[in-house]
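>>> quick one, structure for this:
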Amino acid sequence: MTVPWPPEIELCGRCASLVPLRADHADDLAEAAAEGELNRLWYTTVPAPEGMTAEIERRLALRAAGSMLPFAVLTPDGRAVGMTTYMNIDAANRRVEIGSTWVRPSVQRGGLNTECKRMLLGHAFEVLDCIAVEFRTHRLNQQSRRAIERLGAQFDGILRAHMMMANGTIRDTAVYSIVAAEWPTIRAHLDWEMVKPR
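Just a heads-up that it's a prediction; the model follows:
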């Protein structure tokens, strides 16, 4: 049987580790999603605590189909505090999107998210030899858009009326990307962001 591209990997940093998503992460992730009732944000798709097992199963099915590589985000004590993925995988063109990301509110606005993105981007460009990495979010999700822009990603445009949301609204999707030629500069920027005095 052919192993889907990209192959599973564990990425470890100072603030967080990214490990392949497993069914036994469900309890930690349900607790994380309950903090701040993240699933009630209408412009994003964080699973409800009671739907966490089904969401893990959905992501693992997409992994089996070759279109997603899902990760659990772990803190140094081993607790799962969120999820992220390589998704919309295009092996032929060596492109991935980093998305379907959420973390519990108590670990937001620290170094964890930046470090996770740094690890995923580094792996994508330096190991997988990607030509581009995309980020997508709801046009109205200003918190997510600013976070993507702080990474150094370039705004590519808006996919208008791109998808239906669970609440019946239609999402316009803001698309950003980093291309391989930009990675050395972006890497230097992210490495500085992670060590600069606060």
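
>>> right, and Asp156 touches Val179 too?
No: counting by Cβ atoms under 8 Å, Asp156 sits too far from Val179 to count as a contact (10.3 Å). All C-beta spots, glycine's among them, are computed from the backbone N, C-alpha and C.

>>> so after the one helix or strand Ala30 maps to, what's the next helix or strand?
Assigned by DSSP states H and E, Ala30 falls within helix 26-34. Once the chain leaves helix 26-34, the next helix or strand it forms, by DSSP H and E, is helix 52-65.

>>> the chain: strands as residue ranges?
Secondary structure of the chain, counting by DSSP state E: strands at 11-12, 17-20, 68-74, 80-90, 95-103, 132-138, 154-164, 170-179.

>>> turn the ones you listed into TSV, including distance to Glu115.
Shown next, in TSV, are these (distance: least, Cβ to Cβ, whole Å):
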stretch	distance to Glu115
strand 11-12	9
strand 17-20	9
strand 68-74	10
strand 80-90	11
strand 95-103	11
strand 132-138	16
strand 154-164	21
strand 170-179	16
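
>>> so which of those strands comes closest to Val3?
strand 68-74 (11.1 Å; Cβ to Cβ).

>>> got the CA positions of the closest one in PDB?
C-alpha atoms of strand 68-74 as PDB (Å, rounded to 0.1, in the frame of the first residue of the first chain):
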ATOM      1  CA  MET A  68      -5.100  15.900   4.900                       C
ATOM      2  CA  LEU A  69      -2.400  15.200   7.500                       C
ATOM      3  CA  PRO A  70      -3.900  16.100  10.800                       C
ATOM      4  CA  PHE A  71      -2.000  17.000  14.000                       C
ATOM      5  CA  ALA A  72      -2.800  17.400  17.600                       C
ATOM      6  CA  VAL A  73      -1.100  20.400  19.200                       C
ATOM      7  CA  LEU A  74       0.500  19.400  22.500                       C
END
